[in-house]
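Asker: Make a model of this:
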Amino acid sequence: MPASERAPDYLKLVAFIGAIVLIGFATGILSNPKASYASFVKPSFSPPAWLFGPVWTILYIMIGIVGWRLSERDPASTEMKLWWVQMVLNFIWTPVFFMAAQRGVALGIIVALLVVIAALARRLWHGDRTAALLFLPYVAWVGFASLLNAEIVRLN
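Answerer: Numbers count the residues shown, from 1 in each chain. Below you'll find the model as predicted:
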């Protein structure tokens, strides 16, 4: 039965959101970013450390919804593959930046992440406007985080 004729699998939606939030939370806990972040010389536009957790939780929920929507439509699509690429880039950035202290490498990763999520949002714009709109705050935040990463590299 084509995806358009099936009832949405809401259990899969919960699994997508739950897995992404859990992996993001675990990555954050294991990387202990608050301690490192406090030690950096930061630019004046740097947000307080407590803001990152709530922002990323909301973003991970939206990312999970987009992943679910794509998997419901066509799990073998180019868009779904791009979604997986951005998840890998997203989840490797934190340990590279905080645990390995490879901030220049992390800058390359986050810029690649920004390119992939912007490309994915653009591809989704005509095929799934809701998914594209859910990705726009993610694009904006990662753009901001890229600038912050670049400034931390420059200042430290």
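Asker: Please make it C-alpha for all contacts and neighbour counts, starting now.
Answerer: Will do.
Asker: Quick check: buried residues in stretch 38-53?
Answerer: Under the neighbour-count criterion of 16 or more other CA atoms under 10 Å, stretch 38-53 has Lys42 buried.
Asker: Show which residues not belonging to it make contact with it.
Answerer: Under the criterion CA atoms under 8 Å, 6 or more residues apart in numbering, residues Lys34, Tyr37, Leu148, Glu151, Ile152, Leu155, Asn156 lie in contact with stretch 38-53.
Asker: Surely Arg123 and Thr78 touch.
Answerer: No. If you go by CA atoms under 8 Å, Arg123 and Thr78 don't touch, sitting 9.4 Å apart.
Asker: So for those two, which sits in the more crowded spot?
Answerer: Arg123 (16 against 13; other CA atoms under 10 Å).
Asker: and that one, what is it in contact with?
Answerer: Counting by CA under 8 Å, 6+ apart, Arg123 has contacts Glu79.
Asker: Which strand or helix spans it?
Answerer: Taking DSSP states H and E as the criterion, the element that holds Arg123 is helix 103-127.
Asker: can you tell me which helix in the protein is longest?
Answerer: The longest helix of the chain (DSSP state H) is helix 129-155.
Asker: buried ones in it?
Answerer: 131-136, 138-139, 141-143, 145-153.
Asker: just checking, what packs against that helix?
Answerer: Applying 3 or more CA pairs under 8 Å, 6 or more residues apart in numbering; DSSP states H and E, we find helix 129-155 packed against helix 52-73, helix 103-127.
Asker: I'd like those helices as TSV, with mean pLDDT appended.
Answerer: Shown next, in TSV, are these (pLDDT from 0 to 100):
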stretch	mean pLDDT
helix 52-73	97
helix 103-127	97
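Asker: With distance to Leu22 as extra columns, can I get the ones you listed in CSV?
Answerer: Formatted as CSV, those follow (distance: least, CA to CA, whole Å):
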stretch, distance to Leu22
helix 52-73, 9
helix 103-127, 20
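Asker: For Val88, find the nearest of these.
Answerer: Between Val88 and these, the shortest gap by CA to CA is with helix 103-127, which sits at 8.9 Å.
Asker: ok, and the most centrally placed residue in the chain, which helix or strand is that part of?
Answerer: Centroid check for the chain by CA atoms, centre = their mean gives Asn90 as the closest residue, at 4.8 Å. Taking DSSP H and E as the criterion, Asn90 maps to helix 78-94.
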